[in-house]
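J.: predicted model, plus sequence, below.
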Amino acid sequence: MKLKKTISLLSAAVAMCCGTALAAPDGKPWMNTQLGAAERADLVVKEMTFDEKLKLVFGYMGADVEHKKYKRPEQSHVQSAGFVYGVPRLGIPNLWETDAGVGVASQAGPHARPGTALPSGLNTAATWDLQTAFAGGAMIGAEARGYGFNVMLAGGVNLMRDPRNGRNFEYGGEDPLLAGKMVGAQIKGIQSQRVVSTLKHFALNDQETGRTTLDVKIDDQSARMSDLLALQIAKEEGNPGAVMCSYNRVNGVYACESNYLLTEVLKKDWGFKGWVMSDWGATHSTIPAANAGLDQQSGMPFDLADYFGPPLKEAVMNGWVPQARLDDMARRVLHAMFEHGVVDHPVKAEPDKIDFNAHAAVSLKDAQEGMVLLKNSGAVLPLDRSVKRVAVIGGYADKGVLAGGGSSLVYPAGGNAVPGMEPKTWPGPVMVYPSSPLKAIQKRLPAATVSFADGADKAAAARLAQESDVVLLFATQWTGEAFDVPSLSLPNKQDELIAAVAAANPRTVVVLETGGPVTMPWLPKVPAVLEAWYPGTSGGEAIASLLFGEANPSGHLPATFPASEAQLPRPALDGYPEVENRRFEVSYREGAAVGYKWFDQKGLEPLFPFGHGLSYTEFGFAGLSANVKGGVLQASFTVKNTGKRAGKEVAQVYVAPLKAKWEAPKRLAGFQKVDLQPGAEARASVTVDPRLLAMYDSASKTWKVAKGDYRIILAADAAEAAGTKALSTVVHLEAAAYDVNGKPLRQAR
Ligand code: BGC
């Protein structure tokens, strides 16, 4: 240790004295890129004045807030989410922060920056493809950098405990492994562009109704095996520079002043080295928050007070917050800045050239990979190009595709295709990206009559349907930040429209643009349904390419689609409708049995199971084998394309204990997306994270595998895995214990 320090001090000295390529300019030894982030951060902290440290831990909103008479700092970027002053004297740049997970967002106002929007986070999770998630992250990271931002407030991985949560579209679905891996890959992509990404919202912020006043009740074991596990896996996969703590309370304590969450779980147990910033308006105190582990207050003027401004100075001067804690806060911000290249590769003051065409292609690919063909009976899809009369109905399909609302909203080039819909202000505007499915369909059918009806007049829509050979009916559900949907039904009587149109023409394909799961009372009446989520700025093109079979659908559901609200752990949403400032509790009595685990445990049959997704080709699984070597479980299998088109299958490996008691009958333990030409087959394998074979033990902070037999199941969705048709094999596991991060503990073997 000592030797290492001496060597690096020496190298810093050499660099300083001898003017090598690694030289630290102007006597700034921390600019030596040969040193590690921790060392560089330490060197800077030593140079910083008290006031400089305080500046670094205090964030401003990057947009004017009229009702608070607040003007953004001059150096912030217009209509942006956040800004933090750096220390120019020491070569530490400002932090320019932008939302969020689908691209470079803008706050409302006249100067929104045009951006490329990926499809929703749920769509990306539905790709089950880490490379697609990484590529999307790299694209939006490059765009953020191009616009002069060095922090992206991305990485949303709140588990889908309730399909009515208005922000589900920003997240990665209901399974901790899938959500954690996919969101982690996206974070890694963003940071590959030398832009820090957050991981958020930490933690258990799983509904929007009463998000600032609700108090989540959950035991440690259940939390560690569900929401926290998703965050932990995303942290490991993505190594985010920052974590954003959430609005809600957990077991009586605000997340942003929870010593348990911030210091014990995140920093100590998981070894997080970066900084914790609060969500905008989620800081509630100075001393409790700082001492609990919050490193930076964000989004002045959204909190009641500038807790980490002058009050923090006073608290440190009085010793109520130790000086060492303030140093640690500053050090953590600097650590992330050094580690992720923000200091060594400063963003440019003026917007840089952005390759919007290349970015559109990345968004298109993500959308094509993530849309889910839910149903395809009969012979309507893929569409035949010889069709003569096509009706396109509803969903503003003549104009574009829907986006989710709130802080993550990216404004597209060309502007809103359907301006003026309510709500026009926060969490609106309701945005329709100008990527028209109708135009993309017409382009592919130059000789056909393609007619559009907006669906407002049900009878007119049914008449058009009757006169057509095939109907493409678009249905939408707008969701967004700060509110949940009252039910899983499509709004604005669209169920009635679909029923009427399907009655008029049985060749009706429904395309859904929804934030998450919806119910489908008309399902038996239509031959095909494509879940297109919020498909991003290339959405119209992506939908058409799948309908015509140019791309073969390969998305699989990252969340269960319930048959009704009655099947949910909380049939009525707690705290709904919201009453301002009313504090209430939400008991996560389902514990870690989230999504399909709950459905399995209760024997409920969903509308569509987790993992479900069809293709225009067929696949077969064979040759499943599983072995345990040194306690590590590996499953191998063959996937074959038995149909006539090239396509991709998502092989899902589930594990079900024969005797051991888990929170639910089975868990997803691994997955692999396999790309196959017709007739081709490939061998694939997954290695199972031991945490997915164990129960978390809070007292010893270990993951404990119970000795016994476990069924390893290979299936194309969670329901198939529960049935008798799926391939399976049984392995024997010895008792074993793993540390809090799933690393083997030798003594326990
Ligand atoms: C959201 C965050 C977002 C922040 C900044 C908050 O309302 O919850 O996800 O990053 O605003 O815009």
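T.: Structure received.

J.: give me the buried positions along stretch 378-389.
T.: By neighbour count, and taking 16 or more other Cβ atoms under 10 Å as the criterion, the buried residues in stretch 378-389 are 380-383, 387. To be clear about C-beta, it is placed using only N, CA and C from the backbone, and glycine gets the same treatment.

J.: what number of residues lie near the closest residue to Gln672 other than its chain neighbours?
T.: With Cβ to Cβ, 6 or more residues apart in numbering as the measure, Ala684 is the residue that lies nearest to Gln672, at 4.5 Å, once sequence neighbours are left out. Around Ala684 there are 19 other residues, counting by other Cβ atoms under 10 Å.

J.: with the one 5 residues further on instead?
T.: The tally of other residues near Asp689 (other Cβ under 10 Å) stands at 22.

J.: ok, now Met421?
T.: Using other Cβ under 10 Å, the number of residues around Met421 comes to 14.

J.: element containing Lys640, please.
T.: The secondary structure element spanning Lys640 is strand 632-641 (assigned by DSSP states H and E).

J.: immediately after that strand, which helix or strand?
T.: strand 647-657.

J.: elements contacting that following strand?
T.: Contact here means 3 or more Cβ pairs under 8 Å, 6 or more residues apart in numbering; DSSP states H and E; on that basis strand 647-657 packs against strand 619-629, strand 632-641, strand 667-676, strand 708-715, helix 718-722.

J.: in the second one, what counts as buried?
T.: Looking back up the chat, that one is strand 632-641. Residues of strand 632-641 classed as buried by neighbour count (16+ other Cβ under 10 Å): 633-635, 637-641.

J.: grab the nearest non-local neighbour of His612.
T.: On the basis of Cβ to Cβ, 6+ apart, the spatially nearest residue to His612 that is not a chain neighbour turns out to be Asp717, at 4.2 Å.

J.: got a list of what that neighbour touches?
T.: Taking Cβ atoms under 8 Å, 6 or more residues apart in numbering, we find Asp717 in contact with 556-557, 609-613, 652.

J.: looking at those, which is nearest Gly319?
T.: Nearest to Gly319, judged by Cβ to Cβ, of those is Phe610 at 51.8 Å.

J.: how much space separates Gly180 from the ligand?
T.: Using Cβ to the nearest ligand atom, to the nearest Å, one obtains 18 Å as the distance from Gly180 to the ligand.

J.: and the one helix or strand Leu497 maps to, which residues are buried?
T.: When elements are assigned from DSSP H and E, Leu497 belongs to helix 494-504. Counting neighbours by 16+ other Cβ under 10 Å, one finds that the buried residues in helix 494-504 are 494-495, 497-502, 504.

J.: and for the helix or strand that that helix is followed by, what's in contact with it?
T.: Helices and strands here follow DSSP H and E; after helix 494-504, the next one along the chain is strand 508-513. Identification of contacts with strand 508-513 by Cβ under 8 Å, 6+ apart yields 380-381, 395, 397, 401-402, 437, 465, 470-477, 498, 501-502, 518, 520, 522, 525-535, 539, 543, 547.

J.: among those, name the ones in strands.
T.: When the contacts of strand 508-513 are checked against strands (DSSP state E), the matches are 401-402, 470-476, 528-531.

J.: mind picking the two most distant members of those?
T.: Using Cβ to Cβ for every pair in these, the one that comes out farthest apart is Leu402 and Val470, at 22.5 Å.

J.: more neighbours: which of those two?
T.: When Leu402 and Val470 are compared on other Cβ under 10 Å, the one with more neighbours turns out to be Leu402, at 28 against 23.

J.: read off the pLDDT value for the more buried one.
T.: Leu402 carries a pLDDT score of 98 in this model.

J.: give the contact list for it.
T.: Contacts were defined as Cβ under 8 Å, 6+ apart; by that measure Leu402 touches 395-396, 430-433, 476, 478, 513, 534.

J.: grab the nearest non-local neighbour of Gln207.
T.: Once flanking residues are discounted, Gln207 sits nearest to Asn165: 5.0 Å by Cβ to Cβ, 6+ apart.

J.: confirm that the one you found sits in a helix.
T.: No. Residue state for Asn165 (DSSP: H, G, I helix; E, B strand; the rest coil) corresponds to coil; a helix is not indicated.

J.: quick thing: my sequence starts at 47, can you match it?
T.: That works, and once the first residue is 47, the last one we named lands at Asn211.

J.: by contact count, what packs against the host helix or strand of Ala335?
T.: Assigned by DSSP H and E, Ala335 falls within helix 333-338. Here helix 333-338 touches helix 356-363, helix 369-385, going by 3+ Cβ pairs under 8 Å, 6+ apart.

J.: which among the ones you listed is found nearest to the ligand?
T.: Between the ligand and the helices and strands packed on helix 333-338, the shortest gap by Cβ to the nearest ligand atom is with helix 369-385, which sits at 16.3 Å.

J.: kindly calculate the angle that that closest one makes with helix 356-363.
T.: Taking axes from the mean of the first three to the mean of the last three Cα atoms, to 10 degrees, helix 369-385 and helix 356-363 form an angle of 120 degrees between their directions.
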